[in-house]
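Novice: 3D, please:
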Amino acid sequence: MNKHNKFTGVPGNPESPPLNDQSKNEPIFGKKLSRRDMLRLTGATGLGLLLGGGGVGGIMAARNAVAEPTKSAEGDSSSIPFYGSHQAGILTPAQNFIYFAAFDFTTTKLADVKKIMQAWTTAAAALTTGELIGDVNDNPNLPPSDTGEADGLNPARCTLTFGVGPSFFDERFGLASKRPALLTDLPAFAGDNLDPKWCGGDICVQACADDLQVAFHAIRNLARIARGTAVLRWTQEGFQRTGAADPKGATPRNLLGFKDGTGNPDTTDNSEMNKVVWNSSSDGPSWMSGGTYMAVRRVRLRIEVWDRSSLSDQEATFGRYRHTGAPLGAKDEFDDLDLSAADASGKPVIPANSHSALAHGDGTVKMLRRSYSFSSGLDVTTGQLDAGLLFISFQRDLMKQFVAIQQRLSKTDLLNEYMTHTGSAVFACFPGVRSGGFIGESLLS
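Specialist: Sure, this is the predicted structure:
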């Protein structure tokens, strides 16, 4: 693949040619995997709000692309289609790394917002196929239009997912009437210790890739394009175990040592995804049809305290065995949670206030979790690691799904002793982008 193909839409490059159609990429999978294979592959969590370690499934994102993907000239199969009926990075099998960014707009002109979204669309089409951005990368007399640190790297399954927060619908852009009723700031939860530097944002970009430099490169260049119109509000890097470290593709483990990704809804089931994740025209504004709502929580883990807890206490806290990931009293990781099981004394085998029991509830309320661990160095105030989980979930209704589950967890979850929520944000993720269109077109046009 020629890394110097020309892409358009970058501010400051008035001679850019028309937008190229980047929808023709090779499908990620050649055959349908079983649900269990998908769960083991992607590391999608079923252990509730803490255990987010990666979303399940996602072949439907490729199958639903506007243009049928075809093999590229060089046979590069590591790219995921950017264009499609839904945004990639939601049902997509979780990549190894995330670089999450929230931005605030500094402009008060809707035309400026539209221009940036058009430029970001063009850039995203390049970034997700491993191309350099813009057409000014070989002129020694001008600053390059791409920062260059991903030059020569493959796309690494890079996906870019965009959404707008409640603050985007204030008085600045005249869009208050288009704010979905479902998009509101989250209520306060018991035990929250939120820091404003990890909260909110007018718009978010979730960059995921199998290479952290590729994900960082994407956010860096989008921020560069947005200069003068939007500024970064906060960012967070995240990771899970890589395929190279675990070639068997077992379920990933979180920083507390437990398997993290067992009971997410089946993302290969269109009916289930329409019920759990995707908005329809009956849910609110028409511009959200095919989109979804994202909840983001930065969860600090008290791993030093956890490390002094006995194994039996740890397993009771989660309601699962650490080694196998099976529910207490069961043998297999993927066995159903039997919350009615009791021992000889009548005591529940799975504690009612364990994390998995509370997150599961009666099993009727579900959401798609797609989270990553993080380690942001040493907290110089406490001398402890600033490490934990960047929890991300996607759902059709924030209040009925995320909030309902989190309210249960925040009150009595045994895991609360070992964690605190330091960041919080919600976003309405746009429906997919059609070739020739731009991100957020259904809202901004």
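
Novice: show me where the stretch 51-200 of the chain has helices.
Specialist: Under the criterion DSSP state H, counting those that start in this stretch, the stretch 51-200 of the chain contains helices at 59-63, 110-127.

Novice: out of those, nearest to residue 435?
Specialist: Residue 435 lies closest to helix 110-127 among the helices of the stretch 51-200 of the chain, at 8.8 Å (CB to CB). In short, each C-beta sits where N, CA and C put it, glycine included.

Novice: now do the closest one: distance to the chain's middle.
Specialist: Distance of helix 110-127 from its chain centroid, counting by CA atoms, centre = their mean, to the nearest Å, is 20 Å.

Novice: for that helix, packing partners?
Specialist: strand 159-164, helix 212-225, helix 441-444 (3 or more CB pairs under 8 Å, 6 or more residues apart in numbering; DSSP states H and E).

Novice: buried ones in it?
Specialist: 112-127 (16 or more other CB atoms under 10 Å).

Novice: before we move on, what about stretch 325-332?
Specialist: 325, 326, 327, 328, 329, 330.

Novice: residue 275: which of these is nearest?
Specialist: Closest approach between the buried residues of stretch 325-332 and residue 275, by CB to CB: residue 327, at 24.3 Å.

Novice: so that closest one bridges to which residues?
Specialist: Beta bridges link residue 327 to residue 320 when assigned by DSSP bridges.

Novice: try residue 389
Specialist: According to DSSP bridges, beta-bridge pairing links residue 389 with residue 299, residue 373.

Novice: kindly reformat the helices and strands packed on helix 110-127 as TSV containing distance to residue 310, mean neighbour count and mean pLDDT.
Specialist: Output for the helices and strands packed on helix 110-127, formatted as TSV (distance: least, CB to CB, whole Å; neighbours: other CB atoms under 10 Å; pLDDT from 0 to 100):
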stretch	distance to residue 310	mean neighbour count	mean pLDDT
strand 159-164	40	26	98
helix 212-225	35	22	98
helix 441-444	52	20	96
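
Novice: so which of the helices of the stretch 51-200 of the chain comes closest to residue 321?
Specialist: Closest to residue 321 of those is helix 59-63 (CB to CB; 30.3 Å).

Novice: return stretch 185-195 as PDB; C-alpha atoms alone will do.
Specialist: What follows is stretch 185-195 as a C-alpha-only set of coordinates in PDB (Å, rounded to 0.1, in the frame of the first residue of the first chain):
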ATOM      1  CA  ASP A 185     -25.800  14.000  32.500                       C
ATOM      2  CA  LEU A 186     -25.700  11.000  34.800                       C
ATOM      3  CA  PRO A 187     -27.100  11.300  38.300                       C
ATOM      4  CA  ALA A 188     -24.800  11.200  41.300                       C
ATOM      5  CA  PHE A 189     -24.000   7.700  42.400                       C
ATOM      6  CA  ALA A 190     -23.100   6.600  45.900                       C
ATOM      7  CA  GLY A 191     -19.300   6.500  46.300                       C
ATOM      8  CA  ASP A 192     -18.600   8.800  43.400                       C
ATOM      9  CA  ASN A 193     -15.400  10.900  43.700                       C
ATOM     10  CA  LEU A 194     -15.500  12.600  40.400                       C
ATOM     11  CA  ASP A 195     -12.700  15.000  39.300                       C
END
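
Novice: where are the low-confidence patches of this protein?
Specialist: Residue ranges of the chain with pLDDT under 70: 1-77.

Novice: switch the cut-off to 90
Specialist: Low-confidence segments of the chain, defined by pLDDT under 90, are located at 1-78, 191, 241-244, 246-253, 259-264, 281, 284, 381-382, 445.

Novice: which stretches of it form strands?
Specialist: Secondary structure of the chain (DSSP state E): strands located at 97-105, 159-164, 203-209, 230-239, 292-301, 368-369, 372-379, 384-395, 419-429.

Novice: out of those, deepest packed?
Specialist: Highest mean neighbour count among those (mean count of other CB atoms under 10 Å): strand 368-369, with a mean of 30.

Novice: how far off centre is it?
Specialist: 9 Å.

Novice: which elements pack onto that strand?
Specialist: strand 384-395.

Novice: quick one: the strand it packs on to strand 419-429, angle?
Specialist: Angle of strand 384-395 versus strand 419-429, following axes from the mean of the first three to the mean of the last three CA atoms, to 10 degrees, is 40 degrees.

Novice: okay, the angle between strand 384-395 and strand 372-379?
Specialist: Using the same axes, to 10 degrees: strand 384-395 against strand 372-379 is 150 degrees.

Novice: 241 is where my numbering starts, stick with that
Specialist: Will do, 241 is the new start, and the previous item becomes strand 624-635.

Novice: tally of neighbours for residue 585?
Specialist: 5 (other CB atoms under 10 Å).

Novice: from residue 637, how far off is it?
Specialist: Per CB to CB, to the nearest Å, residue 585 is found 40 Å from residue 637.

Novice: over to residue 393?
Specialist: 38 Å.

Novice: what does residue 477 give?
Specialist: 29 Å.

Novice: any chance of TSV for the helices of the stretch 291-440 of the chain, columns distance to residue 442?
Specialist: Output for those, formatted as TSV (distance: least, CB to CB, whole Å):
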stretch	distance to residue 442
helix 299-303	25
helix 350-367	9
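
Novice: and for residue 649, the neighbour number?
Specialist: For residue 649, using other CB under 10 Å, the count is 22.

Novice: out of the helices and strands packed on helix 350-367, nearest to residue 661?
Specialist: Short answer: strand 399-404, nearest of the helices and strands packed on helix 350-367 by CB to CB, at 19.7 Å.

Novice: tell me the gap between that closest one and the middle of its chain.
Specialist: Per CA atoms, centre = their mean, the centroid offset for strand 399-404 relative to its chain is 9 Å.

Novice: equivalent analysis for stretch 565-581, please.
Specialist: With CA atoms, centre = their mean, you get 27 Å for stretch 565-581.
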